[in-house]
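1. have a look at this prediction, sequence included:
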Amino acid sequence: MQKPVKRGNAWRIQVKYKHLRDAATRDTSQECIQWAHKRLMELQLEYEKQLKNLDKPQYTVKQLFNIYYEKIGQFTKSKVYIKNHIKYLERYYGKLTEYSIYDLTPKLITENRERRLQYVEAGTIHKEMSLGSSVFTFAVRELFLLPSNPFNLVKKPIKPPARKNRISQDQIKMVLVGLDNYEEGMVPKTPAHYVAWSFLFALETAMRKGEILGIENQHVFPDYVHLPDTKNGTSRDVPLTTKARALLDLLPKREGLLVKHNSNSFRLLWQRNLKRVGLAGAFTFHDSRHEAITCFVNKQKLPVEILAKLTGHKTIGVLVNTYYNPTASEIEKMLNAA
């Protein structure tokens with residue numbers, strides 16, 4: 001350890017251990033010496049850590065994400081999200097993508113979280129950090145590269161409250177008009193018509209967008225639609241209301257998918273239409289699931305146990321607290337009708 005050197009009104013000192021170096025400037029020589037003793041011990045620990053990691057694969061954060069996708073991610077329901085996340089990883093983690101996985105600390109993750117919160121919502125950061133935690137848990141439990149997961153020591157942002165959006169009849173009409181003037185009972189002919197048809201079908205079945213886009217003609221039966229693969233990883237049979245059955249009868253009988261859209265083409269048509277008709281931000285396609293579930297209770301009087309079978313919810317609490325969104329007026333009518 002070198003002695004402090006006075007430079008102007010301040011003192012400067014350098015420390016070195018093996019190939020590791022550092023320096024600092026303080027107001028007094030004594031402060032320099034105190035800092036140097038502490039920093040020297042830190043460098044010794046850092047050197048020992050590097051020695052332990054010499055016999056392990058030297059992966060960067062980005063490389064670890066790629067390995068996770070190849071081994072785990074591509075076989076999950078979230079494979080598209082994970083693939084796109086890795087494609088733009090530098091946008092989410094900046095220079096940390098090139099850090100060694102052994103150098104990624106909770107402090108660095110926290111600093112990155114605060115940086116991201118300046119640009120995007122807490123719910124987005126929560127999802128990003130959940131994926132990061134999965135990746136590093138994979139490094140701990142499957143690759144045996146790390147003793148612990150640094151994401152586990154960082155608090156995720158509080159998720160925003162569940163959406164309570166309802167969709168009015170006037171809003172439904174506006175959406176249909178914007179989608180090539182589609183009307184209920186019309187045979188879909190254009191790509192926009194199929195988006196409109198899917199919206200009406202979702203309102204009648206509470207099915208997710210991805211589930212509707214995955215329906216093939218062979219999955220359609222007289223009184224239900226069979227979903228062989230759902231978000232929860234299990235199959236589900238969705239019973240059909242009279243209106244839902246009538247919507248299915250409008251479609252041509254052909255092999256393969258009923259709706260000739262992929263997720264991206266559907267999303268673009270949907271979002272552009274909402275903007276065009278002045279409903280951007282008013283609701284999402286997934287809010288049709290909220291609306292359908294609420295109507296099943298209010299109009300069909302379905303008990304929650306049956307409703308969970310229809311929607312595929314494994315947790316009743318999520319179904320009731322997140323998706324069932326009656327207004328105060330609707331609750332008042334139910335109370336007085338009892």
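-> Yep, that arrived. These figures come from a predicted structure and were not determined experimentally.
2. and the residue nearest to residue 121 when sequence neighbours are not counted, how close does it get to residue 126?
-> In space, residue 121 comes closest to residue 160 once its chain neighbours are excluded; the distance is 6.9 Å by C-beta to C-beta, 6 or more residues apart in numbering. Backbone N, C-alpha and C define where each C-beta goes, glycine included. For residue 160, the distance to residue 126 equals 9 Å [C-beta to C-beta, to the nearest Å].
3. more neighbours: those two, which one.
-> residue 126 (15 against 11; other C-beta atoms under 10 Å).
4. give the rounded mean pLDDT of the helix or strand harbouring that one.
-> Counting by DSSP states H and E, the element that carries residue 126 is helix 122-141. Averaging pLDDT along helix 122-141 gives 95.
5. quick one: the residue lying closest to residue 180 once chain neighbours are set aside from residue 273, how far?
-> Of all residues not flanking residue 180 in the chain, residue 192 sits nearest, at 4.2 Å (C-beta to C-beta, 6+ apart). From residue 192 across to residue 273, the span is 7 Å (C-beta to C-beta).
6. which neighbours do the two have in common?
-> Taking C-beta atoms under 8 Å, 6 or more residues apart in numbering as the contact rule, the neighbours common to residue 192 and residue 273 are residue 179.
7. of these two, which one has the most company?
-> Set residue 192 next to residue 273 and count neighbours by other C-beta under 10 Å: residue 273 wins out with 22 against 19.
8. so that one sits against residue 193, correct?
-> No: shown here, residue 273 and residue 193 do not form a contact pair, counting by C-beta atoms under 8 Å, at 11.6 Å.
9. quick one: contacts for the residue nearest to residue 180?
-> Contact analysis of residue 192 by C-beta under 8 Å, 6+ apart lists 179, 180, 182, 269, 273.
10. name the element it belongs to?
-> helix 191-205.
11. what does residue 31 give?
-> Following DSSP H and E, one finds residue 31 within helix 29-53.
12. how is the protein carved up into domains?
-> 5-53, 61-153, 169-337 (automatic domain parsing).
13. what about residue 260, which SS state?
-> coil (DSSP: H, G, I helix; E, B strand; the rest coil).
14. quick check: phi and psi on it?
-> Torsion angles at residue 260 (phi, psi; degrees, to the nearest 10) stand at phi -90, psi 70.
15. can I get the contacts of residue 192 in JSON lines including pLDDT and secondary structure?
-> Putting the contacts of residue 192 into JSON lines (pLDDT from 0 to 100; DSSP: H, G, I helix; E, B strand; the rest coil) gives the following:
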{"residue": "179", "pLDDT": "97", "secondary structure": "coil"}
{"residue": "180", "pLDDT": "96", "secondary structure": "coil"}
{"residue": "182", "pLDDT": "97", "secondary structure": "coil"}
{"residue": "269", "pLDDT": "97", "secondary structure": "helix"}
{"residue": "273", "pLDDT": "97", "secondary structure": "helix"}
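16. how about the strands in the stretch 201-338 of the chain?
-> Assignment of strands within the stretch 201-338 of the chain using DSSP state E, counting those that start in this stretch yields the ranges 224-227, 236-239.
17. now render the ones you listed as JSON lines, adding mean neighbour count, mean pLDDT and distance to residue 21.
-> Output for the strands of the stretch 201-338 of the chain, formatted as JSON lines (neighbours: other C-beta atoms under 10 Å; pLDDT from 0 to 100; distance: least, C-beta to C-beta, whole Å):
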{"stretch": "strand 224-227", "mean neighbour count": "19", "mean pLDDT": "94", "distance to residue 21": "61"}
{"stretch": "strand 236-239", "mean neighbour count": "17", "mean pLDDT": "92", "distance to residue 21": "61"}
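18. in JSON lines: those strands, plus distance to residue 49.
-> Listed next are the strands of the stretch 201-338 of the chain as JSON lines, based on distance: least, C-beta to C-beta, whole Å:
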{"stretch": "strand 224-227", "distance to residue 49": "50"}
{"stretch": "strand 236-239", "distance to residue 49": "49"}
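19. out of those strands, which comes closest to residue 62?
-> Closest to residue 62 of the strands of the stretch 201-338 of the chain is strand 224-227 (C-beta to C-beta; 35.6 Å).
20. check which helices and strands that closest one is in contact with.
-> If contacts are counted by 3 or more C-beta pairs under 8 Å, 6 or more residues apart in numbering; DSSP states H and E, strand 224-227 sits against strand 236-239.
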